[in-house]
Each structure stands twice: as structure tokens, then as C-alpha cells.
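I'll drop the sequence and a predicted model, then ask my questions.
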Amino acid sequence: MEFGMVSKDTNWWFFTLPAFLGSKNLLDGYVILSLIMAFVSLSVLTWAFAVGGIAWKNGRNRRGRVSIPGPRGLPVFGSLFTLSRGLAHRSLASMAWRGTATQLMAFSLGSTPVVVASDPHTAREILASPHFADRPLKQSAKSLMFSRAIGFAPNGTYWRLLRRIASSHLFAPRRIAAHEAGRQLDCAVMLRSIANDQTLHGVVTLRKHLQAAALNNIMGSVFGKRYDPAHDSRELQELRDMVREGFELLGAFNWSDYLPWLNYLYDPFHITERCEALVPRVRKLVRGIIEEHKLGGSKNASDNADFVDVLLSLDGDEKLHEHDMVSVLWEMIFRGTDTTALLTEWVMAELVLYQEVQDKVHRELQSAVGNNSVTDADVAKLPYLQAVIKETLRVHPPGPLLSWARLSTSDVKLSNGMVIPANTTAMVNMWAITHDSRVWEDPLEFRPERFVESAGGADLDVRGSDLRLAPFGAGRRVCPGKNLGLVTVTHWVAKLVHHCKWVPDKANPIDLSEVLKLSCEMKHPLSAVALPRNVLF
Ligand code: HEM
């Protein structure tokens, strides 16, 4: 078949001759057609010889002792159609398993060469390598100012400074502990609005309550500002709209990230325009809050200070320009709201589905705190609840793939003999690893018991040291918010189960279908009946 293509290809120049000869007798249309055919023929020829697709031409996948296998995809587009729709983590997992390319698979997204690791060993080598400490920058991330925030800033002095500031002032364990009162407050407000919903409608759609609590929680610790829907409805609505728009823009699959020429012809989601419209709104809101802090004059870096105060109190080399502060603060709101809310929704969906697991969590809570209010200190002593959170992270990792790609800054040789060339986008398919029967026994079963002491899984740390389950990534660019995220989600689940028995809503049975946006969420929001238990707030 390849021979057929080659012989067809050798004729392409014939059609372009009139253009080069400058014939006046032939129609312009014919010239254009000839050029198109020449382009198509060249692309087909290049593609036909490139394992991994067009972006892997010239033997890029064969630089090591062992070559990197992978699908060709389509000429010009590579595997863009496979990844642009549906559940990319599942499609890539099937491709890797089918093509025995679990260790590493090469493919093309238009002109971008990509590798994906679907086994823990290769994943560790990539994530831990200093040559993978950069991230590819999407057009929307750049337009939305994220190139000056932690997640997309290139590896270097500025990025290290931001990580240092964030880990000592926002994510340090003593700071997380100091903000417990705020978490308790947000949770109490959430429980009350859930109780109201239940009384009014007989069922609760949990997502909106979780999103509101997550937004207030992050606004509290980052901006020192909590919103009361009754009084601050306009600013709160504006903030919600901005976060939603930002999620859509950053999560949208933008074809011109991979086919740059398309930018001039086709922008179906109007990404550029929408980013341009959003940025001034973000600047206005965040700058307004920074000004309020400056006027308030309370610039200190104590543990219970908010992050704006901390940033304003920095001096010398650590001092950030105001536009960088806006980017950093905007990113925190952005990252902190989505992930915690959607992970809690997945946990609660599994608990409604598996009533026996929910009962076990409740019994554990009762024996630890009785009818008293649950604190962070209590939560840390609940091994079965921790196991439920780990099992949910395994079955539904919130960032299964795309939100945390890395970029190689030089050729990287792996221990299996493969070489990943410089400027390759690298992904780790955490979903494939956590659903691989060679890594996990009965991977499709939701079984928290695998993480309890008697099963030997209690010590598995999900924060990046064991790549069999690393939903927060690993290495230098591991999620800095992992402790805050885990404390918040565990606290919420404990309170939700302690206060209510959650049973299925018969009109809307639980559906665990996924939708992959910026994170992987439940396609159909969880709806359940929350039967109150008698406990203290
Ligand atoms: C359930 C909660 C969360 C999950 C599952 C999660 C997951 C992730 C993942 C997978 C990465 C990429 C890591 C890598 O490349 O190795 C990441 C990065 C990041 N996350 Fe989280 N995250 C969560 C909560 C948070 C929270 C609460 C914040 C902040 C308020 C946050 C801030 C960040 C930032 C700033 C980065 C970029 C780090 C860098 O590039 O240096 N995350 N997160």
C-alpha cells in the first residue's frame, strides 16, 4: 500500500508545472489546485514514512536504541480528530494498550510531536526529569495571563520564586491549619443551603453547593473576602461568570494550538476574541481587591493573613509587579475552585451508589466524634474515609491527562532505551495507569478496602511519590495545592456524611459518565436525597 502512495506521489510535480512556467493560458484555479495537490502529496509522502504521524518525520522516534511506537493518524492532522472529541484519556489508553505502546507512545497533534506514558515507571522518569520542567503553552493560557502564573510560567528564576512564595505562604501546613475556621464556616453555610434545597425540592443537586463553597473558600484564603449571596450578588455573579468563561476557554480544544496556520482562517469558539474580552474584566476585579488591601493597610505575612496581604508584604527580589500579582491571584481562584468541587462530587456519587461504604464511613465518624462537630484533626484520624478518597482519586483522577502536559527542553534518554527529542510535548495518562489490570487488581471495581492497613495499601501516598496513583502529578511541577485540596475534600465529605444520609434520587439515577473539560467531571450532575441526621454544626 505504501508503494501505491509513493508512485502516486512521484507525479505531483507534473500538476504544478503550469504555475512554475507562468502560463497565461491556464486558469488561476488550475494553478491553485496544482499547489494544493503538491502540498497534499508532500504531506502524504512524509506521513507515510513517519511512525507516530507527521510531526515525527525524519526518524524523530528512532533516536534511541529502541524506537517509540505510535499511530500515524491522518496526514496533516495526525491524531487530532481522536483527541479533539470524547474522552481523550480513554481513547489514548485503548490506543496504547492495543498497540502495545504502554511504556511510551508517539503521536502527532497537527505539527506538534507528542508522547504519552501509560505505565508508572516511564511516568516517573518523565515527571521527575529536570528536562521536563516546562509546559507547552496553549494560546488561551497565554492570552489569559497564565504565562506569568505558576502553572504555565517557564522553568526558571521567576517560576521558582512563585513556587517558593506559594509554598511558604499559601500551602504550608501551618497556614492550611490557620485557615481551618474559614473552611468550617464555608462548610456550615453549604450544609445550610443543602438543607434548604432538600426541604424545598425533596432532592439536592450537589454541584452548585460545592462550587459555591469552593469559590468562597479560595476567595477567603487568597483574597480574605467571603461572599454572601444575599448582599454581594452582583460581584459574586461577575466572579462566577469570569471563572466559568475562563474554564471554558482554557478547557476548549483549540485546533490552532496544533495547526497554527488555522488561526487565520477558522476560530470556531472565538477563543481569541473571548480571551480579549475576559482579561480586562479579570484585571478590573483583581486590581480592585488589591487596592482595597492597600487602603486597608494591613500588610503582614502572618499565618492567617490572606495571600494578597502576603504578596503586598514582599520586598526586594521577591516583590512582584502588579500585573504579575493579578496573574498569580487569578490562577489560584481558577485552580482552587474546580478541582476540589468536582472531586467531592465524584466521592459523593460513589457513596450514594455504594450505601455500604457510606455506612462504614458514617460508623467511623460516629465512633471518632459522636455527634460533635468534625475538625481537621479528627479527619486526619479516619483511615477508612482516607481510603475512600484515595479510591475515588484512583477511579476518577480529576486531571486524567491533558491539564498537566510537560515539554522537553533537551533530548531525554529513558532507561528502556528510547529517546524523547527536545521540544516534544509529554503527557502521562494517569487514568490508563489507574485502570491497568497489571498495576491494580480488579481496576474497574470501586473498593476502598484496597487502601486499608490489612490490605497493605494504607501507606500509599497519593501526593507524587508512588506513580501507581499520582493524581497531583509528581516531580518539580507537582501540584502545590495538593495538601490544601486533600484537606478540603476530606473535610467536606466527612461533614456531608456526618450531617446527612445520602440516598439515590429515584427520578435521576446515578450516572458515572464522564466529560473531559479542563478537568474530568461527572457528565450529569449528581442529584441525591439528603436525609438529615442529628448532629452539631
Ligand atoms: C483535588 C484537588 C487537585 C488536583 C487533583 C490537582 C491536580 C493537579 C495536577 C495533576 C497538576 C499538574 C502536576 C504536574 O505537572 O506534575 C496540578 C498543578 C497545579 N495545581 Fe493542582 N490540583 C488540585 C488542587 C489544587 C488547588 C486547591 C490549587 C491552588 C489553590 C492548585 C494549584 C495548582 C498549581 C498552581 C499547579 C501548577 C504547578 C506548576 O506548574 O508548578 N491545585 N494540579
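Okay, I see it.

From the chain's centroid, how far away is the host helix or strand of Glu331?
Assigned by DSSP states H and E, Glu331 falls within helix 322-353. In terms of C-alpha atoms, centre = their mean, to the nearest Å, the centre of helix 322-353 is found 10 Å from the chain centre.

Can you name the residues of the chain that neighbour the ligand?
Residues of the chain found near the ligand (C-beta under 6 Å from any ligand atom) are 127, 150-151, 163, 218, 331-332, 335-336, 339-340, 343, 398-399, 404, 471-475, 477-481, 484-485, 489. No exception for glycine: its C-beta is placed from N, CA and C like everyone else's.

Go through stretch 522-531 and flag the buried ones.
Neighbour-count burial for stretch 522-531 flags 522, 526-530 (criterion: 16 or more other C-beta atoms under 10 Å).

which of those lies closest to Ser513?
Met522 (7.3 Å; C-beta to C-beta).

Verify the stated contact: the closest one with Ala349.
Yes - counting by C-beta atoms under 8 Å, Ala349 is a contact partner of Met522 at 6.3 Å.

what residues are shared contacts of these two?
By C-beta atoms under 8 Å, 6 or more residues apart in numbering, Met522 and Ala349 have these common neighbours: Leu512.

For the stretch 301-450 of the chain, just list every one of the helices.
Assigned by DSSP state H, counting those that start in this stretch, the helices in the stretch 301-450 of the chain fall at 307-313, 322-353, 355-369, 376-379, 383-395, 430-434.

which of these sits most buried?
Of all those, helix 430-434 carries the top mean neighbour count, a mean of 26, counting by mean count of other C-beta atoms under 10 Å.

Can you show me the strands along the protein?
When assigned using DSSP state E, the strands of the chain occupy the ranges 105-109, 112-117, 204-205, 406-407, 412-413, 419-420, 425-428, 500-504, 514-516, 520-522, 527-532.

Identify whichever of those lies nearest to Glu364.
Closest approach to Glu364 among those (C-beta to C-beta): strand 500-504, 14.6 Å.

contact partners of that closest one?
Outside strand 500-504, the residues within contact range by C-beta under 8 Å, 6+ apart are 194, 198, 348, 351-353, 355, 358, 362, 496, 510, 528-533.

what about 7 Å?
With C-beta atoms under 7 Å, 6 or more residues apart in numbering as the test, strand 500-504 has contacts from 348, 351-352, 358, 510, 528-533.

Flag every buried residue along it.
Using 16+ other C-beta under 10 Å as the test for burial, strand 500-504 gives 500-502.

So which helix or strand of this protein has the lowest pLDDT on average?
When each helix and strand of the chain is scored by mean pLDDT, DSSP states H and E, helix 2-9 comes last, with a mean of 36.

Below-threshold pLDDT in the stretch 51-200 of the chain: ranges please.
Scanning the stretch 51-200 of the chain for pLDDT under 70 picks out no residues.

circling back: Pro69: which of the helices of the stretch 301-450 of the chain is closest?
Pro69 lies closest, by C-beta to C-beta, to one member of the helices of the stretch 301-450 of the chain: helix 430-434, at 15.2 Å.

just checking, what packs against the closest one?
If contacts are counted by 3 or more C-beta pairs under 7 Å, 6 or more residues apart in numbering; DSSP states H and E, helix 430-434 sits against helix 88-98.
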